[in-house]
Every structure is written in structure tokens, then in C-alpha cells.
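Student: sharing a model that was predicted from the sequence below.
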2 protein chains.
Amino acid sequence: MRLPAYSSAVQRRYAIIGSGALGGFYGARLQRAGCEVHFLLHSDYEHVRKHGLRCDSKDGDFHLPHVHAYQHARDLPPCDVVIVALKTTHNHLLAELLPPTGAVLTLQNGLGNEEAIAAVTGPERVLGGVAFLCSHKVGPGHIRHLDYGQVTLGEFSTSVVTERLRQIGADFERAGIPVRLEPDLRMVRWRKLVWNIPFNGLSVILDASTDALLRHTATRALIVDLMREVVHGANACGARLTDADIEQMMQYSDRMTPYKPSMKLDFEAGRPLEVEAIFGEPLRRAQRAGVTLPRIETLYRQLFFLDARRRP
Amino acid sequence: MRLPAYSSAVQRRYAIIGSGALGGFYGARLQRAGCEVHFLLHSDYEHVRKHGLRCDSKDGDFHLPHVHAYQHARDLPPCDVVIVALKTTHNHLLAELLPPTGAVLTLQNGLGNEEAIAAVTGPERVLGGVAFLCSHKVGPGHIRHLDYGQVTLGEFSTSVVTERLRQIGADFERAGIPVRLEPDLRMVRWRKLVWNIPFNGLSVILDASTDALLRHTATRALIVDLMREVVHGANACGARLTDADIEQMMQYSDRMTPYKPSMKLDFEAGRPLEVEAIFGEPLRRAQRAGVTLPRIETLYRQLFFLDARRRP
């Protein structure tokens, strides 16, 4: 469902856990729209504390000279909404990073993040969402927003569009971010995997851009077969997807400007790959539901090798 | 079956079509053992005509200062045995390269080569074999033989170990090449694919050596699953292989010195990949037998992309 343009004007206080290309972008947009935002930072802390955040965006460049920057989670004030934008490869830090109060919205990739957060906070505080955003960091506290930005949000512990979900959605809309609210978060997550699994996986394994993968007959056929396996796994796990989702995702991909998926950016930057969230966890869930997804498993193992080989 | 050490002393005349790292090696070994050998050459013709063939081998280096070298197939004298050692990517040249008489023994990779030759010569003239050889060309007419060398030979049009097969086998043995003669050439070909498909494919796609692929848990599991698919495809096509073949091939691979499969050498040298012979044709045969091999198909499409991308 789409939100009405009008929305509640009550001010909510946000914390951003992981203020990189994704967390930094949404946090900066929320602050620019009038929300009070508190940024937890790691390597960029000193720079952002002094110089704020800069965003070069296709929607217009902007600079926030003053932001609330924190180096330690314990220093964050109580917030209404905690946005988790860590790489899933850092989920082992959740227990020490998550504050004791506030709704927790994970915008991380793949499956299993809501569960990892719920293990710390209890399920009721958890919301999830998928971001379709093309952005990367070009320097400390400096984000380049190349394209897209829309988010789809849902509750984790209930299949209802709650009032708090509407309020958060309204804040994002006020910040100029297109928002969809969905009652079925599980379906949203699996649906995103229909895109993420083929394009993240093949772009890394074949060192290729999305448009090259779509242009060649062989990889195009492989992309469609991988999408079919995602839909098969989704249905086995109770998330209803159909061939229409595949067709829609292919049409959508064909219209996209050539794009480097996040895993490709991670690989090029030497960062650990989100192999478990995007590949391992969906495979394990499908397997528990009695379904083998051999093409996805092949990519998983290839990525696992490529990722592990770079480690000491 | 293994040949007796003793063998017929009748001299057979050999032609070698494609005198590269494989054809040049076996041809040179046969000539050194006393056979009359005629080499069809392409780029190395002038050099070999003047300087002969040189082989640096783990079995002992040798030089043949005088060899019968030819630039055109039409100049070859009638031979008893024509050994085809072309890359399968050049099989479109077979009709103009194959002489009108003599048994034709293909030592090429993958499936479909006997059929391609039989389409030119008729099936009765055709024999096939798989070579387990690690060699490469280091210069014109100069071959480096790193390891192995054994061949397994069989008839194409009959499941009998014929007299001519024994005679050819005896010539190879006299040349110091370990030989097996097998009645079921189809089984021999599929059995070789149990090794060729995982190691050729993954070494190119993941830019990895055989020992690295075997050492990492994820790729090791993928190798075994790919081998299982080959065995499944083989059985569907009437070539009886079992899990014991997989175990044997894994034990064998673990004992091997690290090795660059031929497809990896081709890829590094910028040569076209033998994707159709090693992947495409087995997949099509399995498909005709009603069997899908999704992991092999995934590798096929990845290789197809990597191969096609390099072409203008």
C-alpha cells in the first residue's frame, strides 16, 4: 500500500547503527527533513563529528555541517527508532550495539537479520525493510547517492501494518524517500532475493556488471533459472511468489541503469561478502523446508571460496 | 585390461593432426620409439621443418632433429593411424583435415568428437581415447611434459577390443606411454568428465588451482556434487558409473601434484574454451535422456559468458 502524502508531524528520534553508504544516506535525509538523528560511527567518527555529513545525490547535493555523532553505543540517547544498517557480516556485534529501548528497524540485506536482532531485543521491538538504493562512500562522512532509494517496510512479529510502521514510513516520505508498507515482511525479503541472488552472486563470480549479465544469452538464462529457484524456495518457506515476480524483476532489471550490486562493491573494496545473509540463510531455510536449490547452492559455494581465499 | 609387455613389431605409419602440446608429445614419443610419424602443423610448420621437435619431459628430455612436417593435409602420405589432437573448438576443420584412408583416433576432450569424425569418415574408421597428460608448448616445436601421460583407448563403432586397437596400444606402450584398452569407449569418455567438468570449470571460473579447490570445504563439496551430476548423466546415457568412481577420482585428485586443467591453460592463453565438448554436449545428451544437471548447467553458462565476453 502507498502512504497518503500527509503524515503525522510528531517528531521521532532516530539512531543509526552503521552510518555508511546506506545508514548515512537515510539518516542524513531524515535529519534534513527535520528529524532528530543520532549517528553511531566507527572509522568516520572524528571526521563526521568535526565536519558533519555530505551527500552528493541525484536528488540534489547537500551538506549537514552539524550531526550528533557517537563512537560508542552506550553514549546514544534513548531513541524511538533504531535503524540497523550494519553489514550483516558484523551481526555478531548486535548484542553490544543495540540500545535497550526503541523500535529496531533493520535495513540489512538477506535473511536472518530480524531474528538476530530479536534474539537481543525480543521480537516485538523489531521491524524490517529492504532498501533499493545505489550509493557508496567516497570519503569519510561523504556519500554518493547514484540512484534509487525506495524502501519497503514491515513488522517482524505481526502481519499487520501498525501505527508505528505508518509513522516511520511517514518520516521517510517526508525525507523524500518513496515508501511501501507491507504486512508480509517475509514475502518482501524473499522477493528482494529474487534480484539479489542472481545479480550479487554473478557480478562477483564473473566480474561483470548487471547489463553485461543481462545481455549475454547464457547468463540471462542462468539469471532466470536462479530466480525460479528463489521463488521455489520462497514458496516452500511460506512466502508466496510467482513467475509474475520473475517477469517483473527482469523487466525492471532491463530498464535499470547499469549497476554494481552491493556484494560486488564489497568484493572490490576487499570487505567480507554478505554470503550467509544473501545465500547461506535462504538455502538453509529452503533445506529445512525440504527443498534443494542447486544453482543457488553452486553460487554460494563459489562465493564462499572467493570470500575465504582473501582472508589470511 | 592392461597390455602384455610384448607387442607386435609390424611398423605402422602415423599422422598427427594438430601437433601441439598433446599431439606433438605423443607423435614425438611414437617417432622416438621407431614409428614413422607425419606431423600436420599450422603456426609451427616452418620452425619444425627446419629444427624438428623438442620435448622437455619428466621422463627425460629429447630432441628429434628431423621430423616429417606438413602444412597442408593434402600432402600427407597414406597413414595407418591418424591421431586427431586438435582443440575441439577447431572441429569445423575436420572435413578438410581428415585423410581419406586410415584408422582415425581422436584424443580430444569431451563428448561428440568421434561423432564429428564419423560424419566425415564413416563410423568404422573411428577410435577414441582419453589422454591424461599435463603438457604445454613453451615455444615453436617445443613441448614441456610436466606429468602423467597415460591413455585409455577404445573402438567407437563396436564394444570389442579389436586387433587394430591392440596394435595401436602396443605402439604407445613401446613409446613408454601407459595404455589401457577398454571395450566401452562411452564409459571411458563419461568417466573422464567426472574429473574434467568440476576441475576445468571451476579452475577457470574461480581462477584457482586444483589443490586450492580441493582444500576449501565449500568448493570440495561442490566438486563432489558436480561429480555426482556427471555420474547421474552418464547413467542416463547408458554409461555405467557409480559413487565408487567419484571416490576413486577424489582420492586420485588429492594425490595429484597441483595441476592446471587444459581449459585453464586455454583461458590464460586467450584461446577459445572447449565449453561445448566438455559441458554443452554432455548436458544436451543428458537432457535428451530426460535428465537435468543444474550445477553443471550453471558452470556451462558461466563459462559460456567468460568465453564469449573476450571475443570481439
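Tutor: Perfect, I can see it now. Computed from a predicted model, the values in this text were never measured in an experiment.
Student: from here on, just use CA atoms for contacts and neighbour counts.
Tutor: Will do.
Student: in chain A, which spans are strands?
Tutor: In chain A, the segments counted as strands under DSSP state E are A:13-17, A:36-40, A:53-57, A:62-64, A:68-70, A:81-84, A:103-106, A:126-139, A:142-155, A:179-181.
Student: how far away is residue A:112 from residue A:223?
Tutor: Applying CA to CA, to the nearest Å, the value for residue A:112 to residue A:223 is 23 Å.
Student: let me fix that: residue A:33
Tutor: Distance from residue A:33 to residue A:223, by CA to CA: 39 Å.
Student: so for residue A:190, what's the nearest residue that isn't a sequence neighbour?
Tutor: Spatial nearest neighbour of residue A:190, excluding adjacent residues (CA to CA, 6 or more residues apart in numbering or on different chains): residue A:234 at 5.9 Å.
Student: same question, residue A:292
Tutor: Residue A:292's closest residue in space is residue A:286 (CA to CA, 6+ apart), at 6.7 Å.
Student: what's the burial count for that neighbour?
Tutor: 20 (other CA atoms under 10 Å in any protein chain shown).
Student: what's the answer for residue A:72, then?
Tutor: Count around residue A:72 with other CA under 10 Å applied: 13.
Student: what sits against it?
Tutor: A:40-41 (CA atoms under 8 Å, 6 or more residues apart in numbering or on different chains).
Student: show the backbone phi and psi for it.
Tutor: phi -130, psi 140 (degrees, to the nearest 10).
Student: coming back round to it: the more surrounded of residue A:112 and residue A:223?
Tutor: residue A:223 (26 against 20).
Student: just checking, the more buried one touches residue A:198?
Tutor: Yes. At 5.4 Å, residue A:223 and residue A:198 qualify as touching, with contact defined as CA atoms under 8 Å.
Student: and the stretch 101-250 of chain A, which residues reach chain B?
Tutor: A:205-206, A:216, A:218-219, A:222 (CA under 8 Å from any CA of the partner chain).
Student: among those, which ones are buried?
Tutor: A:205-206, A:218-219, A:222 (16 or more other CA atoms under 10 Å in any protein chain shown).
Student: check the residues you listed and tell me the two furthest apart.
Tutor: Maximum pairwise distance in these, criterion CA to CA, is 14.6 Å, between A:205 and A:218.
Student: check the spacing between the residue located most distally from the centre of chain A and residue B:304 real quick.
Tutor: Most distant residue from the mean C-alpha position of chain A: residue A:217, 29.3 Å away (CA atoms, centre = their mean). Applying CA to CA, the value for residue A:217 to residue B:304 is 9 Å.
Student: what residues does the residue lying closest to residue A:98 once chain neighbours are set aside make contact with?
Tutor: Leaving out its chain neighbours, the residue that sits closest to residue A:98 by CA to CA, 6+ apart is residue A:73, at 7.2 Å. Residue A:73 makes contact with A:40, A:96-99, according to CA under 8 Å, 6+ apart.
Student: for the residues you listed, pick the one with the most neighbours.
Tutor: Highest count within the contacts of residue A:73 by other CA under 10 Å belongs to residue A:40, 25 neighbours.
Student: so who does it touch?
Tutor: Residue A:40 neighbours (CA under 8 Å, 6+ apart): A:15-19, A:69-73, A:76.
Student: I figured the residue nearest to residue A:292 hits residue A:233, correct?
Tutor: Yes. Counting by CA under 8 Å, residue A:286 touches residue A:233, with 5.1 Å between them.
Student: anything in contact with each of those two?
Tutor: By CA under 8 Å, 6+ apart, residue A:286 and residue A:233 have these common neighbours: residue A:293.
Student: can you tell me how far the residue nearest to residue A:98 sits from residue A:95?
Tutor: Taking CA to CA, one finds residue A:73 at 10 Å from residue A:95.
Student: and the pLDDT at the residue of the stretch 101-250 of chain A found nearest chain B?
Tutor: Chain B sits closest to residue A:218 of the stretch 101-250 of chain A, with a gap of 4.9 Å, by CA to the nearest CA. The model reports residue A:218 with a pLDDT of 98.
Student: quick one: contacts for the nearest residue to it once chain neighbours are set aside?
Tutor: Closest residue to residue A:218 in three dimensions, ignoring its sequence neighbours and counting by CA to CA, 6+ apart: residue B:301, at 4.9 Å. Residue B:301 sits next to A:218-219, A:222 when contact means CA under 8 Å, 6+ apart.
Student: just the pLDDT at residue A:311, thanks.
Tutor: Reported pLDDT for residue A:311: 83.
Student: same thing with residue A:134?
Tutor: Reading off the model, residue A:134 has pLDDT 87.
Student: what is the burial count for it?
Tutor: A total of 17 residues lie near residue A:134 under the criterion other CA under 10 Å.
Student: surely residue A:112 is in contact with residue A:276?
Tutor: No. With contact defined as CA under 8 Å, residue A:112 and residue A:276 do not form a contacting pair (9.0 Å).
Student: show me the helices in the stretch 201-312 of chain A, by range?
Tutor: In the stretch 201-312 of chain A, the segments counted as helices under DSSP state H, counting those that start in this stretch are A:210-215, A:217-236, A:243-255, A:262-268, A:275, A:281-288, A:294-309.
Student: quick check: residue A:281 touching residue A:115?
Tutor: No. Using CA under 8 Å as the test, residue A:281 is too far from residue A:115 to be in contact (11.4 Å).
Student: circling back to that earlier point, quick one: contacts for the residue nearest to residue A:190?
Tutor: A:187, A:190, A:240-241, A:286.
Student: same question for residue A:143.
Tutor: Residue A:143 neighbours (CA under 8 Å, 6+ apart): A:20-21, A:24-25, A:53-56, A:135-137.
Student: got the helices of the stretch 201-312 of chain A as TSV, with distance to residue A:63 columns?
Tutor: Listed next are the helices of the stretch 201-312 of chain A as TSV, based on distance: least, CA to CA, whole Å:
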stretch	distance to residue A:63
helix A:210-215	31
helix A:217-236	39
helix A:243-255	31
helix A:262-268	24
helix A:275	34
helix A:281-288	38
helix A:294-309	35
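Student: between those helices, which one is nearest to residue A:48?
Tutor: Here helix A:262-268 is closest among the helices of the stretch 201-312 of chain A (CA to CA), at 22.2 Å.
Student: what about that closest one and chain B, any contact?
Tutor: No. Helix A:262-268 stays clear of chain B (CA under 8 Å from any CA), getting no nearer than 13.7 Å.
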